[in-house]
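S.K.: Provide a 3D model corresponding to the input given below.
(4 chains)
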Number of protein chains: 2
Amino acid sequence: MTATGAEKKNGRVTIREVAEDAGVSVAAVSKVLRDAYGVSDALRAKVRASMDRLGYRPHTAARGMRGQTYTIGLVLPDIRNPFFADIMVGVNNALERTQYRAMIGISESSVITEMAIVDSMIDRQMDGIVLIGSTEDRGNHDRIASLKPLVTIGHHDPEATSFDTVNNNDQQGAMLAVQHLVAGGYRSIAMLSLSSGTSTILSQRELGYRRAMIEAGLGKAINIVQIPQTLREVQLAARRLLEGSRRPDAIFCWTDFIALEVISVATELGLSIPADLGIVGYDNTVYCDFAQNSLSSVDQSGEQLGLQAVRLLIERIKGRSKAEHLVVTPRLVTRGSSTRAG
Amino acid sequence: MTATGAEKKNGRVTIREVAEDAGVSVAAVSKVLRDAYGVSDALRAKVRASMDRLGYRPHTAARGMRGQTYTIGLVLPDIRNPFFADIMVGVNNALERTQYRAMIGISESSVITEMAIVDSMIDRQMDGIVLIGSTEDRGNHDRIASLKPLVTIGHHDPEATSFDTVNNNDQQGAMLAVQHLVAGGYRSIAMLSLSSGTSTILSQRELGYRRAMIEAGLGKAINIVQIPQTLREVQLAARRLLEGSRRPDAIFCWTDFIALEVISVATELGLSIPADLGIVGYDNTVYCDFAQNSLSSVDQSGEQLGLQAVRLLIERIKGRSKAEHLVVTPRLVTRGSSTRAG
DNA sequence: CTGAAAGCGCTTACAG
DNA sequence: CTGAAAGCGCTTACAG
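M.R.: Reported below is the predicted structural model:
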């Protein structure tokens, strides 16, 4: 039982066995595998046939020793936001006809940081990194980009030269929301934002809110409330805002989840939406459509963002080094939460 | 500039450089790295110090060539369900003090199947796999388990010998929901389930629903409606159910998201919850708490499930081969959607 | 307890 | 267009 060339301990077929079966060299098989140039059609066909016959599957660790792992790492800050699911759809579509696969890591503020996940992805020889909703600064991004191709989604840094960014126009998105509320007769429009401080999409949305308020002659009504992401803090802030003496007649929320919480608090306080209070969210997540929410929201087409980010990343992996910064136009979807009966 | 022992093309420090720096052999460094037995405390300390000084990080591809990659693969069927976020919290907690990292793959029915992701994880030499909400059959699970340690969450197969399972008691959970509705005076209780057909947690929940109905003497009112997961289908089914001549007075939904859609449809139809219609969901996701939903739901403590699954998987990676099947007790959380005013 | 050497399955110059 | 050989950074027997 020791004579067969196809002896294998692992059950895994190796490139050598494929080479033997096809009657070519190991190097030739490697070239076919990588779609490298310099192989005749005849040889390629022979090798492909042997691969199929033997059920060959590339050993990623071995490939990673010298070349690529055909794995790209996606870092999400928070799996809970259904908006990320839209991004993933785009990512998977972009990957469909390639050898690449996406592996996702989820950072959790206290347990495992964004940078810790990125490090572990670099340790694992991933070919490139997509950071979603990153809160790191330029220094860290440059550091990552010096080691691996990098694309960010949901982080504005149009001057960055070492990595690409993909975004919707957050400033414009916020302006759409405010302009819509103003057109609906709302005047005292507050904004609920996040207190983290390092998010560039947040500051862009805040900027858009300010600009739209000023342009509408409502500069004196500008009121940005920055709160941490925790349920309890949001609830407290919403309650304080809605019970205060100068209650706003509309609230623009930086993300849908917060808007849903505002609806919850307003409901508990007996406020009527949209009569007493107009609400607009961001991301146009799937929950907006439910009748009990009927939440107007800014759509940033996550699927597009995911698709483009992967496209750019693969370009970078293949050698592009000039930075690209894509900005997608957002779109407001109006629903009952901000539309007062005519 | 060619004389330094620490010459490196990649910027990455290798085990060899650590060995040189510490004045020991490469094998010794490897042992320290793996926490293997047979190294003196003195040697260990020397090596650790060199690692720190040089900023050594293990090269996962190289480790994967001979040993482990210290990576476990998690497969999710659908990132959209916030319940999975709870699982992830448990997973990350379980991983916190280990060398292991979790990488997540998301299957999408049409684009990339569960098995395709598992294959790509095996190709990537992951040390073990956790399947969440798997819809594969015993044959495929055994096949995976023959290649890599395997644990499933949300899949009942108590007789399986080649892999472990971690679940909440879905039958009991469904019974809790029905018993609660019955106690509230509801009689014509329908169940909204999924039409996929291969989910064992679904059949357990259906079984529990049946049992509880029969035990309550409501066997004739048993009505299980199985619908696909798409938004439109669910909406249509809910509408058909609620507009039909024999409208149920309560609906038990197999997962919260479906229950929220039922609330939506009921709201649109002008039905009052819980007076006209009682609703109970499953998973006790974060949306249940919002006042506009106030959805009663069965909590299966996803964090526990995730934690235990990783614990079991690491045990298996370290050598255990006898199967374990954990079942966690679910807990009903009652809210407004099923609680008629006394 | 410690170390020298082989080898995991690929890719990469290099030679032909 | 094709192939023989070196080597990526570890782990694993094996010898001492």
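
S.K.: quickly list what the residue nearest the centre of chain A is bridged to.
M.R.: In chain A, the residue lying closest to the centroid (Cα atoms, centre = their mean) is residue A:132, at 4.0 Å. Beta-bridge partners recorded for residue A:132 (DSSP bridges): residue A:153.

S.K.: what residues does it make contact with?
M.R.: A:74-77, A:84, A:87, A:152-154 (Cβ atoms under 8 Å, 6 or more residues apart in numbering or on different chains). C-beta here means a position set from N, CA and C on the backbone, and glycine is covered the same way.

S.K.: what's the spacing between residue A:147 and residue A:127?
M.R.: From residue A:147 across to residue A:127, the span is 11 Å (Cβ to Cβ, to the nearest Å).

S.K.: swap in residue A:77?
M.R.: Counting by Cβ to Cβ, the gap from residue A:77 to residue A:127 is 22 Å.

S.K.: and what of residue A:205?
M.R.: Residue A:205 sits at a distance of 32 Å from residue A:127 (criterion: Cβ to Cβ).

S.K.: tell me which residues are up against stretch A:260-271.
M.R.: By Cβ under 8 Å, 6+ apart, stretch A:260-271 touches A:192, A:231, A:234-235, A:238-239, A:242-243, A:251, A:253, A:273, A:276-277, A:279, A:281, A:287, A:293, A:295, A:337, B:287, B:289-292.

S.K.: report the buried members of those residues.
M.R.: Using 16 or more other Cβ atoms under 10 Å in any protein chain shown as the burial test, the contacts of stretch A:260-271 include A:192, A:234-235, A:238, A:242, A:251, A:253, A:273, A:277, A:279, A:281, A:287, A:293, A:295, A:337, B:287, B:289-292 as buried.

S.K.: which ones among those lie within helices?
M.R.: A:234-235, A:238, A:242 (DSSP state H).

S.K.: related to what we said a few turns ago, tell me which of residue A:205 and residue A:127 has more neighbours.
M.R.: residue A:205 (28 against 21; other Cβ atoms under 10 Å in any protein chain shown).

S.K.: before we move on, which element is the nearest residue to that one once chain neighbours are set aside in?
M.R.: Using Cβ to Cβ, 6 or more residues apart in numbering or on different chains and skipping the chain neighbours, the partner closest in space to residue A:205 is residue A:174 (4.2 Å). Counting by DSSP states H and E, the element that carries residue A:174 is helix A:170-183.

S.K.: report the distance from that helix to the chain centre.
M.R.: Offset of helix A:170-183 from its chain centre (Cα atoms, centre = their mean, to the nearest Å): 22 Å.

S.K.: what's next to that helix, contact-wise?
M.R.: A:156, A:189, A:191, A:201, A:204-209, A:211-213, A:216, A:218, A:250, A:252, A:278, A:280, A:282, A:296, A:298, A:300, A:329-332, A:334, A:338.

S.K.: 6 Å instead, please
M.R.: A:189, A:201, A:204-205, A:207-209, A:212, A:216, A:250, A:252, A:278, A:280, A:298, A:330, A:332, A:338 (Cβ atoms under 6 Å, 6 or more residues apart in numbering or on different chains).

S.K.: so among the residues you listed, which ones count as buried?
M.R.: A:189, A:201, A:204-205, A:208-209, A:212, A:216, A:250, A:252, A:278, A:280, A:298, A:330, A:332, A:338.

S.K.: quick one: buried residues of the helix holding residue A:174?
M.R.: Applying 16+ other Cβ under 10 Å to helix A:170-183 flags A:170-182 as buried.

S.K.: just the C-alphas of that helix, formatted as CSV.
M.R.: Extracted C-alpha coordinates of helix A:170-183, given in CSV (Å, rounded to 0.1, in the frame of the first residue of the first chain):
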residue,chain,number,x,y,z
ASP,A,170,-23.0,62.4,4.8
GLN,A,171,-23.2,66.2,4.8
GLN,A,172,-25.6,66.2,2.0
GLY,A,173,-27.6,63.4,3.6
ALA,A,174,-28.1,65.4,6.7
MET,A,175,-29.0,68.5,4.7
LEU,A,176,-31.7,66.4,2.9
ALA,A,177,-33.2,65.4,6.2
VAL,A,178,-33.2,68.9,7.6
GLN,A,179,-34.5,70.5,4.5
HIS,A,180,-37.4,68.0,4.4
LEU,A,181,-38.3,68.7,7.9
VAL,A,182,-38.2,72.5,7.3
ALA,A,183,-40.4,72.0,4.3
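
S.K.: could you chop chain A up by domain?
M.R.: Chain A breaks down by automatic domain parsing into domains covering A:15-58, A:69-168+A:302-328, A:170-299+A:332-338.

S.K.: okay, those in CSV with distance to DNA strand D and mean pLDDT next?
M.R.: What follows is the domains of chain A, written out as CSV (distance: least, Cβ to the nearest atom of the strand, whole Å; pLDDT from 0 to 100):
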stretch, distance to DNA strand D, mean pLDDT
domain A:15-58, 3, 89
domain A:69-168+A:302-328, 9, 94
domain A:170-299+A:332-338, 33, 95
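
S.K.: for chain A, which segments count as helices?
M.R.: Here chain A has its helices, by DSSP H, at A:15-22, A:26-33, A:41-54, A:60-66, A:83-95, A:114-123, A:138-147, A:170-183, A:200-215, A:231-243, A:256-268, A:302-317.

S.K.: adding distance to DNA strand C, write the ones you listed out as TSV.
M.R.: Shown next, in TSV, are the helices of chain A (distance: least, Cβ to the nearest atom of the strand, whole Å):
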stretch	distance to DNA strand C
helix A:15-22	3
helix A:26-33	3
helix A:41-54	10
helix A:60-66	3
helix A:83-95	18
helix A:114-123	17
helix A:138-147	17
helix A:170-183	39
helix A:200-215	35
helix A:231-243	48
helix A:256-268	43
helix A:302-317	12
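
S.K.: okay, those in JSON lines with distance to residue B:16 next?
M.R.: Shown next, in JSON lines, are the helices of chain A (distance: least, Cβ to Cβ, whole Å):
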{"stretch": "helix A:15-22", "distance to residue B:16": "26"}
{"stretch": "helix A:26-33", "distance to residue B:16": "26"}
{"stretch": "helix A:41-54", "distance to residue B:16": "35"}
{"stretch": "helix A:60-66", "distance to residue B:16": "15"}
{"stretch": "helix A:83-95", "distance to residue B:16": "36"}
{"stretch": "helix A:114-123", "distance to residue B:16": "17"}
{"stretch": "helix A:138-147", "distance to residue B:16": "20"}
{"stretch": "helix A:170-183", "distance to residue B:16": "48"}
{"stretch": "helix A:200-215", "distance to residue B:16": "42"}
{"stretch": "helix A:231-243", "distance to residue B:16": "51"}
{"stretch": "helix A:256-268", "distance to residue B:16": "50"}
{"stretch": "helix A:302-317", "distance to residue B:16": "28"}
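
S.K.: show me the contacts for residue A:297.
M.R.: Contacts of residue A:297 (Cβ under 6 Å, 6+ apart): A:256, A:281, A:284, A:288, A:333.

S.K.: what of residue A:189?
M.R.: Residue A:189 neighbours (Cβ under 6 Å, 6+ apart): A:181, A:250.

S.K.: identify the bridge partners of it.
M.R.: According to DSSP bridges, the residues that bridge with residue A:189 are residue A:250.

S.K.: so what pairs up with residue A:103 in the strands?
M.R.: Where residue A:103 sits in a bridge, its partners, by DSSP bridges, are residue A:73.

S.K.: rewinding a little: got the domains of chain A as TSV, with distance to residue B:123 columns?
M.R.: TSV is the format used below for the domains of chain A (distance: least, Cβ to Cβ, whole Å):
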stretch	distance to residue B:123
domain A:15-58	5
domain A:69-168+A:302-328	8
domain A:170-299+A:332-338	33
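
S.K.: of these, which is nearest residue B:60?
M.R.: domain A:69-168+A:302-328 (4.4 Å; Cβ to Cβ).

S.K.: get me the contact residues on chain A for chain B.
M.R.: A:57, A:60-61, A:64-65, A:79-80, A:82, A:85, A:88, A:92, A:96, A:101, A:103-104, A:106, A:108, A:111-112, A:120, A:123-125, A:260, A:263-264, A:267-268, A:290-292 (Cβ under 6 Å from any Cβ of the partner chain).
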